[in-house]
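Student: sequence and predicted model, in that order:
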Amino acid sequence: MLRPKPLKEVLQQAVSGPVTKCLLLKQDGALLSFAGDSHKEAQVTSAIASNLWNAYHANTGAIETGALGEILMDCEEGRMLITKVATVLLCLSADASAGFGMMRAKARALVAYLEEPLMKVSMNTTN
């Protein structure tokens, strides 16, 4: 079982410099944990990230091939990175000055750290 406070502390480590939000969400958009801005902003970002991820899958057939590793986007108000970790999504949101390389490095570090515990949780919930 994942504990909310340590999980939020792990996500908080990625929120520095131009990175303003770090979210862990289900593929349906339900927010599991976040670090950064307000809860309302995190919910909106979660919904947007989920819709982008699912729209890409629906229109490219990436579900069958497993080809989608991450989405990097330039948005009007900044940049966003969405990637999968275990059975959930990880989203980093940053201002426009953030480099995609730095965002990818932070995301990969979080994925490496969270993959195993999140897989255990997902296996326990499916049994």
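Tutor: Structure's in. What do you need?

Student: quickly list what the spatially most central residue of the chain is bridged to.
Tutor: Taking CA atoms, centre = their mean, the centroid of the chain lies closest to residue 90, which sits 1.4 Å from it. Beta-bridge pairing for residue 90 (DSSP bridges): residue 24, residue 83.

Student: and the gap between it and residue 76?
Tutor: In this view, residue 90 and residue 76 are 22 Å apart by CB to CB, to the nearest Å. In this view, the C-beta of every residue, glycine as well, is placed from N, C-alpha and C.

Student: check residue 111 too.
Tutor: When distance is defined by CB to CB, residue 111 is 27 Å away from residue 76.

Student: more neighbours: which of those two?
Tutor: residue 111 (17 against 5; other CB atoms under 10 Å).

Student: what about the more buried one, which SS state?
Tutor: The three-state label for residue 111, taken from DSSP: H, G, I helix; E, B strand; the rest coil, comes out as helix.

Student: the one 4 residues further on now?
Tutor: Following three-state DSSP, residue 115 is assigned to helix.

Student: from residue 46, how far out is the spatially closest residue to residue 26 that is not a sequence neighbour?
Tutor: What sits nearest to residue 26 in space, not counting adjacent residues and going by CB to CB, 6 or more residues apart in numbering, is residue 88, at 5.7 Å. In this structure, residue 88 and residue 46 are 11 Å apart, going by CB to CB.

Student: who's more crowded, the two?
Tutor: The residue with more neighbours, out of residue 88 and residue 46, is residue 46; 23 against 18, by other CB under 10 Å.

Student: skipping adjacent residues, who's closest to residue 36 in space?
Tutor: In this structure, residue 36 finds its nearest non-sequential neighbour in residue 21, 3.5 Å apart by CB to CB, 6+ apart.

Student: that's a helix at that neighbour, yeah?
Tutor: No - counting by three-state DSSP, residue 21 falls outside a helix, being strand.

Student: could you number the chain from 44 rather than 1 from now on?
Tutor: Yes, from this point I'll number from 44; that puts the last item at residue 64.

Student: so what's the residue count around it?
Tutor: By the other CB under 10 Å criterion, the neighbourhood of residue 64 contains 23 residues.

Student: great, nothing more from me.
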